[in-house]
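>>> fold the following and give me the result.
(chains A, B and C)
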Amino acid sequence: MTNRTAHESLAGWPPPVLDPAGPFAEPLNTLTWGLLAMAAGVTLVVLVALGVALFGPTAWRRKLGGETLIWIAGLGFPLVVLSALLIWGLSLTNRLAEAPQPGDLRVRVTGEMWWWRVAYLDETGREAFQDANEIHIPVGRPIAFELETTDVIHSFWVPRLAGKLDMIPGRRNVLRLQADKPGTYAGQCAEYCGGAHALMAFVVVAHAPEDYERWRAQTSRPAIVPVQSTGAAAFDRAGCGACHTVRGTSANGVAGPDLTHVGSRQTLGAGVLPNNAGTMAGWIADSQAIKPGNRMPAYPVLTGPELRAISSYLESLK
Amino acid sequence: MSGWSTMLGGLAIWLLHFGLVYAVPSLDAIRAMKPQTLHTLHDVSTASCFGMALVLVIGCWRGAAQAPPEKAFRERLGSLGAAVAAVAILFQAAPDWIGRI
Amino acid sequence: MSAVEEPSETGFDRTLYDRFPTKGRRPKGEVEALEEIWCGPKGWQWITVINNNYVGVYYVGAAMLFFVLAGVLALVMRTQLALPLQGVLSQETYNQVFTMHGTVMMFLFAVPAVEALGVLLLPQMLGARDLPFPRLSAYAFWAYLIGGLAFFCSIFFGLAPDGGWFMYPPLTSTTYSPGINADFWLLGIGFIEISAIAGAIEIIVGVLKTRAPGMSLDKLPIFAWAMLVFAGMIIIAFPSVILATTLLELERALNWPFFDAARGGDPMLWQHLFWFFGHPEVYIIFLPAAGAMSTMVAAVSQTKLVGHWMVVLAFLATGFISFGVWAHHMFTTGMPGTAIGVFSAASMAVSLPAGVQVFSWIATVASGKMKFNTPGLFVLGSLLIFVMGGLTGVMAAMVPFDWQAHDTYFIVAHLHYVLIGGMVFPLFAAIYYWTPMSSSRPLSEHLGRWVFWLMFAGMHLAFLPMHLSGLMGMPRRVWTYAPGRDLEIPNLISTVGAFLFAVGVLVWIIDMCRNFRPFGASAGNPYNGGGLEWLPSELYSIRSIPVVTSLYPVWDQKNLARDVVAGRYFLPGAPTGGRETLVTSPLNAEPQHLLPMPKPSGWHVWAAVFTAGFFLLLTIQAYAASVISAVLAIVCVIRWCWFLDHPLPQAKVDVGAGIQLKTYDSGPTSTGWWAMVITLVVAGMVLAMSVFSYVFLWSRSTAPWPAPVNLLPALTTGGLNLAAIALAWLANRMMKRPLLATLLMVLAGAAVAAAWGLDLNGWREAGLKASMSAQGAIVYAMHAWQGFFVGVSALMALYVVLRWAFGYVGSDRPATMQLIGLFLAYVAAQGLVLLCLPRLLALAAP
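Have a look, this model is predicted:
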């Protein structure tokens, strides 16, 4: 379904802002290049003018050394450039900030310190099922992200798909984006939100429409827990269910990320670690060393076998 | 005081216009209004502020021509200030105009 | 040149200027008397000194100290970020360090540094003996130094704020920041703002009222213009952040929900208030530096500034338009498209004045012959860096681009280009350029070149790659980043650049240690500047105050230095026998009266110590001690004021060439009146911003905001406030009968107090609770603000009674009563606003 791994998607080259993957990011790429060219051009003009003013022939310098230069280069020239830019910027703003359309797929993302609660909504706007730190979308159609927060201000940013938009207490902002090709797109929190702000990332996984439907059907189902799983028992004993939900089991906590299909995610700890049994065990044993300040306590009391059991149980939740 | 109002008149008009274009959409948030009414309010504010600024540009520039140097300086400041204000007024009217297209 | 003279602004006969330079010898002992009166400090007097030659140097020194301290924090951060997943700083410490870096650079370095430059240079440039309120600038300095150092020390105890320099709630609310770290920021910075405002009042009055005769606005040095606009902007912008910090502190301390969405507050209100201050702040920092640049470009090119008047207009336009751009820090908050468009447009428009400045500088360079000395190099470097930063600023003003760039390292790069190019480089140019004025040795040209090239190279190396790391998706304010994202290379380069820059600063420190010798003779005018500050001067400033007929008097007015030193101009001696300076009119600088000035005393220093003590003790929640400290501060301030408003025995004195000027003045020609009016503008801006807050929260509310409906108390409140205005006015009409005047003034104070109490009681009876709703919070906050003013009014009434008891109330000294009358009238007007606003909005509700 995707030929890019999470790691590749996170790589900084080419710069994601200049590597758009959808119609809401594409114009921003064009704009960025246009603006960079403008900035370089004007810097060049100033450099040349300064060079002539410093070292030029006397006749040229005399021409520059009067108020005429200020009228032409200091007022007239910026006026033309700025007017053009303003019109470009405003019309683009209008086009991109268009209100959500009826056919848009709706996903509610809630910023939490320091992870992302993801709720997939049905046509009526009711929550169909929850997931965390990884957002799956179909390609080729706009998605309306309803951005909210339960605590402080966060900002939702997937540079290859769209610009960023803040999540503000008491408000709901709607960001539209669309991916044109299947793949994994990195995102992260852009607004400083205290403690572990630096480690609050996520991924957007775009699927071909039929893959997406398959994924949605799979993920909306409760977890399939093997009978007499020692891992599930240890999970219960350690009290994990007080904060985490595993649908189809007694674990129904809501403070932390939903773990119903945690085994299928690409990353752990909101984009901090790749997801496998080893990192899962490491995270459970001492997440505080990996992501200081996060709200999950370290579990030094768990024995090695317990840890292994819990992590393989969680990894089995696909 | 007239010295100061000459110098700063144009810029004060800009400030007035800024306040108006900021306030007009807020009126809508407080008490729902027809878009057409808001557009009209916006355009009337813009036209009158722009007009006042233009009058100042010309008036001050003329005033500067015959004045003694101290006064001419203030008049010229007033004139250019009003010109910059006029441009800024058009700039900040643009969002509403472009939004209508 | 026109033949018609403009009519005199003040009635002063300008043909009297023709008497200067005077002929003949000056009497013996005049210079000695000046030296005696303006003598330098000895022993403890180094602390109580108020002469701007000293305070200015202290002030610049303290600002540079904070520059170095915040710079060290930057180096620590760059070390942490040099490689991914470094452990130099923990996450917690890093968050404190970046918050402190931004806060200290903005509040303890940039604003004080330019204000300090003004304190040091302005009297010299304007031909004044000193600033009009020397103790006020000394107070501002000590408050800033003590408060600033205590604030900085919080980082050594892990108590430094960690919410970012912008302190967005709810992250900074007690829920998410329970420690006193955030309180350090709110109280510490709120308090340093007061010091900045004190300095701004000083600068405005200084520039408008203490210029050399004949220095009309068209001959006002460009730096003074910049400082004037700068100070005016502080007066308008800082009240907003004072209000914001007060509200947030109230929310933290008393649980009043201004920013708590669950109870009807709105975190966006903070952003509006903060950025209404925060963006003009950038221009506040930049304008004085641009003024210094314009001065130095002309000097190092040895020609007049091309388009001087256009640059002046550019400053004024920047000052205005910068108040229409605050929301460009909020493009990603989901504000409606048309609204952000307006802010985007204003952000574009504000680039026009910047273009004028840059091309004026280039035209000046072209019309003269540039010398590549150290100030010259810094000027050129600054120009280039500032242009680059300005252009990325235009990029960020484009809303859709900002959606990508906002809160990334692209913005970090942009703001450092603007601030370093627009402020730090001009400041270093200024230090090299003006050191010969206040030091007996100039700084080393040889070392200066090293400083420049190291800083220039380091600056680009550090910040150019950040544009890229921003586009690569690196957000701001991250304590580390993941490996394998190609971010290592730009970050490592940035770190190397930061250290290179630091080496440049280190070389500068060495240069300062080797060559900076202040408070003695001056090293002359090595760069051949054209302003009055280059006239030979001593601690009393220049010997006599010349009639200025040119924008570049030292270049254009023949024999000026000789005549000034020989005492052939205004005020060649000390006619009243004390410190004094000329007060002139704001537009054309016509002499109006002589301003007697204070001698050093310790009261303003103690006032500063106890003011700082009040805020710091409040922060660490030592409430009893903080109240004691506040009382002591008030006592010191009253004792300090006690020196004021005493007419001299000589009602008029000869200020040179037989021109007689009054030695006492009151009303709109006096400096005290101006200072009071400006103070009331500050208060009025706080009121305006709280009205904005009220309306903002009200418009966000889904439920109506009721107001007390009883008509009688409302009418009584209104009547009492109007009566207070009338009483204060009447008191000033009755100065011939001191007892009556005093009684009327006390009654006026009582009336505003009663009005306040009545209005407050109405809200309490209506059952409004401050912690229950945003309306409760903002209503009681506004009444608390009014209560503060009522408290000050009570102190003033007490002060009037004291003055009456000592026989200091009378028609020979109307100034104090006038100013107190103005204040009380303002308080009453504020009470009327508080009375009307909620009721009008309750009526307007659909």
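
>>> off-centre distance for stretch C:768-776?
Here stretch C:768-776 is found 34 Å from its chain centre; the criterion is CA atoms, centre = their mean, to the nearest Å.

>>> does any part of that stretch sit near chain A?
No - using CB under 8 Å from any CB of the partner chain, stretch C:768-776 stays clear of chain A, coming no nearer than 10.5 Å. For glycine as for every other residue, the C-beta is placed from the backbone atoms N, C-alpha and C.

>>> now do the buried residues in that stretch.
With burial defined by 16 or more other CB atoms under 10 Å in any protein chain shown, the residues of stretch C:768-776 counted as buried are C:L768, C:A770, C:S773, C:A774, C:Q775, C:G776.

>>> which residues touch the fifth one?
Pointing back at C:Q775 there. By CB atoms under 8 Å, 6 or more residues apart in numbering or on different chains, the contact list for C:Q775 reads C:G264, C:L697, C:W698, C:S701, C:W705, C:L768.

>>> redo those residues as JSON lines? Include pLDDT and secondary structure.
Output for those, formatted as JSON lines (pLDDT from 0 to 100; DSSP: H, G, I helix; E, B strand; the rest coil):
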{"residue": "C:G264", "pLDDT": "93", "secondary structure": "coil"}
{"residue": "C:L697", "pLDDT": "94", "secondary structure": "helix"}
{"residue": "C:W698", "pLDDT": "92", "secondary structure": "helix"}
{"residue": "C:S701", "pLDDT": "89", "secondary structure": "coil"}
{"residue": "C:W705", "pLDDT": "92", "secondary structure": "coil"}
{"residue": "C:L768", "pLDDT": "95", "secondary structure": "coil"}
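
>>> coming back round to it: helices - which of the buried residues of stretch C:768-776 land there?
If you go by DSSP state H, those have C:A774, C:Q775, C:G776 in helices.

>>> make TSV from the residues you listed and add pLDDT to it.
Shown next, in TSV, are these (pLDDT from 0 to 100):
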residue	pLDDT
C:A774	96
C:Q775	96
C:G776	96
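
>>> need the residues you listed in CSV (columns: distance to C:L69).
Shown next, in CSV, are these (distance: CB to CB, whole Å):
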residue, distance to C:L69
C:A774, 39
C:Q775, 43
C:G776, 41
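
>>> of those, just say which sits nearest to C:M459.
Ranked by distance to C:M459 (CB to CB), these are led by C:A774 at 44.7 Å.

>>> so what's that closest one closest to, chain neighbours aside?
Leaving aside its sequence neighbours, C:A774 sits nearest to C:G264 (CB to CB, 6 or more residues apart in numbering or on different chains; 3.7 Å).

>>> next, the contact list for the one you found, please.
C:P257, C:L697, C:R700, C:S701, C:A703, C:S773, C:A774, C:Q775.

>>> check what pLDDT the first one gets.
Going back to what we said before, that points to C:P257. For C:P257, the pLDDT comes out at 96.

>>> which strand or helix spans it?
Under DSSP states H and E, no helix or strand contains C:P257.

>>> thought it was touching C:S771?
Yes - judged on CB atoms under 8 Å, C:P257 makes contact with C:S771 at a distance of 6.9 Å.

>>> overlap in contacts, these two.
C:A777.

>>> longest single helix anywhere in the chain?
The chain I'm using is chain A. Ranking each helix of chain A by length (DSSP H) puts helix A:26-55 first.

>>> hmm, I had chain C in mind actually
Using DSSP H, we find that the single longest helix of chain C is helix C:267-301.

>>> right, is it up against chain A?
Yes - under the criterion of CB under 8 Å from any CB, chain A is reached by helix C:267-301 at C:P267, C:M268.

>>> the next helix or strand after that helix - contacts with which helices or strands?
The helix or strand immediately downstream of helix C:267-301 is helix C:308-321, counting by DSSP H and E. On a contact count with 3 or more CB pairs under 8 Å, 6 or more residues apart in numbering or on different chains; DSSP states H and E, helix C:308-321 meets helix B:2-30, helix B:69-100, helix C:222-254, helix C:267-301, helix C:351-367.

>>> let's see 6 Å
Judged by 3 or more CB pairs under 6 Å, 6 or more residues apart in numbering or on different chains; DSSP states H and E, the packing partners of helix C:308-321 are helix B:69-100, helix C:222-254, helix C:267-301, helix C:351-367.

>>> what angle do the longest helix of chain C and helix C:308-321 make?
Put simply, helix C:267-301 runs at 170 degrees to helix C:308-321, going by axes from the mean of the first three to the mean of the last three CA atoms, to 10 degrees.

>>> okay, now the domains of chain A?
For chain A, automatic domain parsing gives the domain ranges A:18-96, A:105-213, A:230-316.

>>> can you check chain C too?
The domain map for chain C lists C:54-515, C:602-639, C:667-844, with the assignment taken from automatic domain parsing.

>>> mean neighbour count, the ones you listed: which tops it?
Neighbour counts (mean count of other CB atoms under 10 Å in any protein chain shown) averaged over each of the domains of chain C peak at domain C:54-515, with a mean of 23.

>>> endpoint to endpoint, that domain covers what distance?
The first and last residues of domain C:54-515 sit 17 Å apart, counting by CA to CA, to the nearest Å.

>>> what's around C:T663, how many residues?
For C:T663, the tally of surrounding residues (other CB atoms under 10 Å in any protein chain shown) stands at 20.

>>> quick check: the gap between it and chain B.
Distance, C:T663 to chain B, by CB to the nearest CB, to the nearest Å: 27 Å.

>>> next, give phi and psi for that residue.
phi -110, psi 0 (degrees, to the nearest 10).

>>> my guess is it contacts C:M597, does it?
No - applying CB atoms under 6 Å, one finds C:T663 not in contact with C:M597, separated by 11.4 Å.

>>> quick revisit: output the domains of chain A as TSV; include the columns mean neighbour count.
TSV is the format used below for the domains of chain A (neighbours: other CB atoms under 10 Å in any protein chain shown):
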stretch	mean neighbour count
domain A:18-96	17
domain A:105-213	22
domain A:230-316	18
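
>>> compare these and give me the one nearest chain B.
Each of those has some distance to chain B by CB to the nearest CB; the shortest is domain A:18-96, at 4.5 Å.

>>> distance from the closest one to the middle of the chain?
Chain-centre distance of domain A:18-96: 32 Å, with CA atoms, centre = their mean.

>>> equivalent analysis for stretch C:781-800, please.
Centre-to-centre, stretch C:781-800 and its host chain are 24 Å apart (CA atoms, centre = their mean).

>>> may I ask which helix or strand of chain B has the lowest mean pLDDT?
Ranked by mean pLDDT, DSSP states H and E, the weakest helix or strand in chain B is helix B:2-30, scoring a mean of 87.

>>> buried residues in that helix?
Going by neighbour count (16+ other CB under 10 Å), the buried part of helix B:2-30 is B:3, B:6-18, B:20-22, B:24-25, B:28.

>>> and for stretch C:528-536?
For stretch C:528-536, by 16+ other CB under 10 Å, it's C:G529, C:G530, C:G531, C:L532, C:E533, C:W534, C:L535.
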